[in-house]
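J.: coordinates only, sequence not included:
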């Protein structure tokens with residue numbers, strides 16, 4: 001087996017170093033472009049949109065890394081030729097590899113933003129090399145985003161960036177559609193730098209993936225035409241960063257939370273665009289340190305297949321956790337983390353060292369994000385209330401509704417509700433009743449979150465109502481569940497899932513009200529403080545956890561009787577020191 005390269009912070013010290021890393025990530029793709037170069041075939045799995053769109057998406061997403069590479073002076077003749085030919089063929093209605101016209105809510109709108117980004121930042125590679133006919137065809141194809149409905153969420157920015165690019169290229173654009181999109185984005189804004197992902201949508205990684213990040217791209221190019229809005233976008237970006245830095249650990253990782261985790265190191269796109277756009281939320285050495293540690297952390301994980309292709313998954317290939325919109329090329333949205341490559345060679349970013357994180361408090365209430373952050377032992381944990389409404393995305397219960405989310409331990413995705421092992425309910429209170437396992441989904445709209453606790457009420461199944469209080473403590477958190485049940489059943493109050501890879505070693509213990517697991521990554525223990533819970537160790541199905549293929553979960557098991565009772569569980573994952 002080929003020995004894997006180990007990445008370090010030093011691999012991102014100079015522009016040439018970082019450019020080399022980018023090409024190491026993208027070069028394996030060169031074998032899989034179609035003859036016309038307009039399509040990229042890297043897998044056989046499907047998505048909810050047309051199969052014909054899948055290789056077009058795969059073609060477009062590497063541009064998020066290649067465009068800044070070119071804009072910053074990078075050169076790779078083969079990729080330049082691939083994208084010149086591919087853009088000509090893909091937008092030519094007479095070519096067999098034509099990308100076709102669109103429909104309402106078309107996935108291709110997302111990919112248009114990558115091409116538009118190229119027209120803005122690297123026109124000498126994306127726009128100017130095209131023939132006159134090729135330019136006309138590209139504009140005509142991009143105009144499809146103005147002929148159809150675009151999703152009322154972060155997708156509005158795809159229309160904004162695409163119309164901005166057409167405008168900057170001196171071509172017709174839809175001014176009305178551009179302004180409508182900008183008005184939508186303003187309507188999604190809440191406070192403290194945070195947007196909802198659409199009206200009532202989540203506050204999650206789509207803020208750094210798109211909302212805040214694309215706002216800065218717009219501000220970079222539309223300062224003269226729209227100064228007040230650009231100022232607002234920049235002010236929001238500054239406020240957002242002061243919260244968002246708390247999501248990152250000293251080792252470069254950030255906690256898995258919410259949907260689209262297969263975009264991996266796109267988590268750092270915000271810090272990258274800050275460096276690129278000169279938004280001084282933190283000094284350049286701090287930004288460089290965050291980016292270098294984050295990218296090194298990710299690139300040292302087994303996230304590529306044997307051909308060097310980025311896989312669907314998180315810390316390893318895993319289709320179980322994917323969304324219906326994840327196709328084989330989708331993970332290359334991660335390349336947004338490389339936006340800093342567009343910085344010119346003389347920029348101070350390339351001279352300064354990668355600095356550690358600034359001093360951050362061990363506990364931070366992020367009021368506008370709606371969560372409490374705990375930090376310690378290179379582990380960042382977010383305590384969250386969960387969702388107050390459902391949507392149609394995959395596994396939203398696991399991705400938003402657990403009690404806690406960890407940068408060290410990730411979270412687990414259920415295979416089914418039939419058995420506890422298949423449900424893998426880490427960081428959840430699971431009820432085994434009627435032959436199935438039920439967990440917290442949405443919470444009642446009246447809930448409370450402050451610096452010291454979270455309080456919310458929820459119903460796992462008809463006949464059981466729970467009010468949960470989560471209180472952060474120095475070593476972890478304490479959960480108090482006030483349970484009103486019409487049913488006799490068992491309840492399992494679960495801690496984090498920890499790796500139990502037999503090649504690395506681990507130990508576990510259960511004794512009375514206590515259960516715990518320890519390994520080289522850390523530990524998690526649970527103790528029943530009230531309610532008569534007994535410590536047990538759950539062995540969930542393999543490949544349910546995002547971080548580790550094989551895990552175990554410590555838990556406190558309670559006997560639930562008809563009536564009212566209280567169960568109190570202490571969950572620990574930070575050492576006393």
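T.: That came in fine, so what should we check first? Note that this is a predicted model, so its numbers are computed, not measured.

J.: for the spatially closest residue to residue 519 that is not a sequence neighbour, phi and psi?
T.: Distance criterion Cβ to Cβ, 6 or more residues apart in numbering; nearest residue to residue 519, sequence neighbours excluded, is residue 506 at 3.9 Å. Glycine gets a C-beta too; all of them are placed from N, C-alpha and C. Backbone dihedrals for residue 506, given as degrees, to the nearest 10, come out at phi -160, psi 170.

J.: Burial check on the nearest residue to residue 335 once chain neighbours are set aside, number of neighbours?
T.: Taking Cβ to Cβ, 6+ apart as the measure, residue 335 lies nearest to residue 65, with 3.3 Å between them; neighbours along the chain are not counted. Residue 65 has 24 neighbouring residues, counting by other Cβ atoms under 10 Å.

J.: and what of the one 5 residues further on?
T.: By the criterion of other Cβ under 10 Å, residue 70 has 24 neighbours.

J.: pLDDT value on it, please?
T.: The confidence metric pLDDT takes the value 98 at residue 70.

J.: Next, the contact list for it, please.
T.: For residue 70, the residues meeting the contact criterion (Cβ atoms under 8 Å, 6 or more residues apart in numbering) are 80, 122, 124, 125.

J.: for the chain, which helix is longest?
T.: In terms of residue count, the longest helix belonging to the chain (DSSP state H) is helix 227-244.

J.: Could you pull up the mean pLDDT of that helix?
T.: Model confidence over helix 227-244, given as mean pLDDT, is 98.

J.: try stretch 269-278
T.: The average pLDDT for stretch 269-278 rounds to 97.

J.: From what I see, residue 416 and residue 423 are in contact.
T.: Yes: contact between residue 416 and residue 423 holds when scored by Cβ atoms under 8 Å: they sit 7.0 Å apart.

J.: more crowded one of those two?
T.: residue 423 (28 against 12).

J.: which regions of this structure sit below the pLDDT cut-off?
T.: Low-confidence segments of the chain, defined by pLDDT under 70, span residues 1-3, 576-577.

J.: one more time with 90, if that's ok
T.: Screening the chain residue by residue with the criterion pLDDT under 90, one finds the ranges 1-4, 199-201, 377, 387-394, 505, 575-577.

J.: So the residue positioned nearest the centre of it versus residue 327, what's the distance?
T.: Of all residues in the chain, the one closest to the mean position by Cα atoms, centre = their mean is residue 261, 4.1 Å from it. Distance of residue 261 to residue 327, computed by Cβ to Cβ, to the nearest Å: 15 Å.

J.: buried ones in stretch 549-558?
T.: Buried residues in stretch 549-558, defined by neighbour count with 16 or more other Cβ atoms under 10 Å: 549, 550, 551, 552, 553, 554, 555, 556, 557, 558.

J.: meant to ask about stretch 450-463, not that
T.: Residues 453, 454, 455, 456, 458, 459, 460, 461 are the ones in stretch 450-463 that count as buried (16+ other Cβ under 10 Å).

J.: Now do the contacts for the last one.
T.: So that's residue 461. Under the criterion of Cβ under 8 Å, 6+ apart, the neighbours of residue 461 are 431, 433, 434, 438.

J.: How about the second one?
T.: Counting by Cβ under 8 Å, 6+ apart, residue 454 touches 372, 383, 384, 385, 447, 448, 468, 469, 470.

J.: Can you select the buried ones among those residues for me in PyMOL?
T.: Only the buried members of the contacts of residue 454 enter the following PyMOL selection, criterion being 16+ other Cβ under 10 Å:
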select buried, resi 372+383+384+385+447+468+470
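
J.: Pull up the distance across stretch 312-331, start to finish.
T.: Distance between the boundary residues of stretch 312-331 (Cα to Cα, to the nearest Å) amounts to 6 Å.

J.: Show me how far it is from its chain's centre.
T.: Relative to the mean C-alpha coordinate of its chain, stretch 312-331 is positioned 12 Å out (Cα atoms, centre = their mean, to the nearest Å).

J.: and if you look at stretch 347-362?
T.: Remark: stretch 347-362 is offset 23 Å from the chain centroid, using Cα atoms, centre = their mean.

J.: cool, and stretch 222-239?
T.: Its chain's C-alpha centre lies 25 Å from the corresponding centre of stretch 222-239 when counted by Cα atoms, centre = their mean.

J.: same question, stretch 400-414
T.: Taking Cα atoms, centre = their mean, the mean C-alpha location of stretch 400-414 is offset from the chain mean by 13 Å.

J.: Give me the buried positions along it.
T.: 400-414.

J.: From these, which land in helices?
T.: Where the buried residues of stretch 400-414 overlap with helices, as defined by DSSP H, the overlap consists of residue 400.

J.: Which ones among the buried residues of stretch 400-414 lie within strands?
T.: Secondary structure of these is defined by DSSP state E; positions in strands are 404, 405, 406.

J.: and the first one, what does it touch?
T.: If I follow you right, that is residue 404. With contacts taken as Cβ under 8 Å, 6+ apart, residue 404 has the following neighbours: 381, 382, 383, 384, 427, 470, 477, 496, 571.

J.: repeat that for 7 Å
T.: With contacts defined as Cβ atoms under 7 Å, 6 or more residues apart in numbering, the neighbours of residue 404 are 381, 382, 383, 427, 477.

J.: Closest one of these to residue 318?
T.: Closest to residue 318 out of the contacts of residue 404 is residue 427 (18.1 Å), distances taken as Cβ to Cβ.

J.: just the strands in the stretch 401-550 of the chain please.
T.: 404-406, 429-433, 436-438, 448-449, 454-461, 464-473, 476-485, 489-494, 498-499, 506-511, 514-519, 522-530, 534-538 (DSSP state E, counting those that start in this stretch).

J.: Sheet partners, orientation included, of the fourth one?
T.: Pairing partners of strand 448-449, with direction, according to DSSP bridges: strand 454-461 (antiparallel).

J.: The strand it pairs with: how far from the chain's middle?
T.: 26 Å.

J.: now the angle between strand 476-485 and that strand, please.
T.: Taking axes from the mean of the first three to the mean of the last three Cα atoms, to 10 degrees, one finds strand 454-461 and strand 476-485 inclined to each other by 40 degrees.

J.: Next, the angle from strand 454-461 to strand 464-473.
T.: Compare the direction of strand 454-461 with that of strand 464-473 by the same axes, to 10 degrees and you get 150 degrees.

J.: Just want the angle from strand 454-461 to strand 429-433.
T.: Between strand 454-461 and strand 429-433, the angle formed by their directions is 20 degrees, by the same axes, to 10 degrees.

J.: Strand 454-461 to strand 489-494, inter-axis angle?
T.: Computed by the same axes, to 10 degrees, the angle separating strand 454-461 from strand 489-494 equals 140 degrees.

J.: Can you show me the helices along the stretch 1-150 of the chain?
T.: For the stretch 1-150 of the chain, applying DSSP state H, counting those that start in this stretch gives helices covering 15-26, 54-60, 63-71, 77-90, 108-121, 123-126, 132-142, 144-147.

J.: quick one: which of the buried residues of stretch 450-463 is nearest residue 248?
T.: For those, the residue nearest residue 248 by Cβ to Cβ is residue 454; the value is 21.9 Å.

J.: Pairing partners for the closest one in the sheet, please.
T.: So, taking DSSP bridges as the rule, residue 454 has residue 449, residue 470 as bridge partners.

J.: what separates it from residue 138, distance-wise?
T.: Applying Cβ to Cβ, the value for residue 454 to residue 138 is 49 Å.

J.: coming back round to it: how about the strands of the stretch 401-550 of the chain, which one is nearest residue 159?
T.: Taking Cβ to Cβ, strand 404-406 is the member of the strands of the stretch 401-550 of the chain nearest to residue 159, at 31.4 Å.

J.: Leaving out the residues flanking it, which one is nearest to residue 309?
T.: Of all residues beyond its chain neighbours, the one nearest residue 309 is residue 42 (5.1 Å), with distances taken as Cβ to Cβ, 6+ apart.

J.: ok, now residue 20?
T.: Once its chain neighbours are removed from consideration, residue 20 has its nearest residue in residue 11; the separation is 7.7 Å (Cβ to Cβ, 6+ apart).
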